[in-house]
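Sequence plus the predicted model coming up.
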Amino acid sequence: MRVTGAVLCGGASSRMGRDKATLDLRGRPMIQWVVDAMKEAGAKTVVALGDRPDLQLPVLADSEPGGGPLGAIIGALEQYGTLLVCPCDVPMVSSQLLRKIISTATAAEEPVVLAHSERLEPLIGLYKEESLELLKLGYSKGARGPKMVLNAADYCTVNVSPENVQNVNTPEDFQALFSKF
């Protein structure tokens, strides 16, 4: 299965108070941790979703302002095909988890494979090309996130510990992350 890594980095970082993608975490920007995990998991190409030419990655800007993560995923599916998706603010995501998602997707009939920790993680997973029409239909009805579109029959899950998919949204989250390194 040919997979393109797609890092979501189009948000405003309002709770952090500054850009999350470029926050320095042990000498590397936070986004780089995600990019490296995707490449180690088998994504030959990794792109930044959002208007971010500063990230030294191929960029796919949002085709529609206000489209949210769902709009970004749809645009990337149309451009690149099957996507391995993860937000830029999940630096603890591992290549092992991403490889497991890819291998599960290879065998799964469902068009989407998502991480599941204590809850469903709709922005960490693999979206096959076959999911495009389903996502577009939900988007046309006003949905801006995949969770609002997907039903249980549309995806299967890979279990993961919450620490492996922890979002870093606030300065306090970022400080707590440093204590784990």
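Sure thing, it's come through.

Show me where this protein has its helices.
30-41, 68-80, 95-107, 132-140, 171-180 (DSSP state H).

how close does the most centrally placed residue in the chain get to M1?
In the chain, the residue lying closest to the centroid (C-alpha atoms, centre = their mean) is C86, at 1.8 Å. According to C-beta to C-beta, to the nearest Å, C86 stands 17 Å off from M1. (Glycine included, C-beta is placed from N, CA and C.)

Please apply the same query to P91.
Taken as C-beta to C-beta, the span from P91 to M1 is 25 Å.

and these two? which has more neighbours close in?
P91 (26 against 12; other C-beta atoms under 10 Å).

For that one, give me its contacts.
Applying C-beta atoms under 8 Å, 6 or more residues apart in numbering to P91 gives the contacts 25, 30, 33-34, 168, 177.

Of these, which is the nearest to R99?
R99 has its nearest neighbour among those in V34, at 14.2 Å by C-beta to C-beta.

The closest one reaches M92, doesn't it?
No: assessed by C-beta atoms under 8 Å, V34 is found out of contact with M92, at 9.5 Å.

follow-up on the earlier one: list the contacts for the residue nearest to the centre of the chain?
Counting by C-beta under 8 Å, 6+ apart, C86 touches 5-8, 34, 37-38, 93, 98, 123-124.

Could I get those in a markdown table, plus columns for distance to R15 and neighbour count?
As requested, these are arranged in a markdown table below (distance: C-beta to C-beta, whole Å; neighbours: other C-beta atoms under 10 Å):
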| residue | distance to R15 | neighbour count |
| --- | --- | --- |
| G5 | 25 | 25 |
| A6 | 22 | 27 |
| V7 | 19 | 27 |
| L8 | 15 | 24 |
| V34 | 18 | 26 |
| A37 | 23 | 24 |
| M38 | 24 | 26 |
| V93 | 19 | 24 |
| L98 | 25 | 27 |
| L123 | 16 | 22 |
| I124 | 19 | 27 |
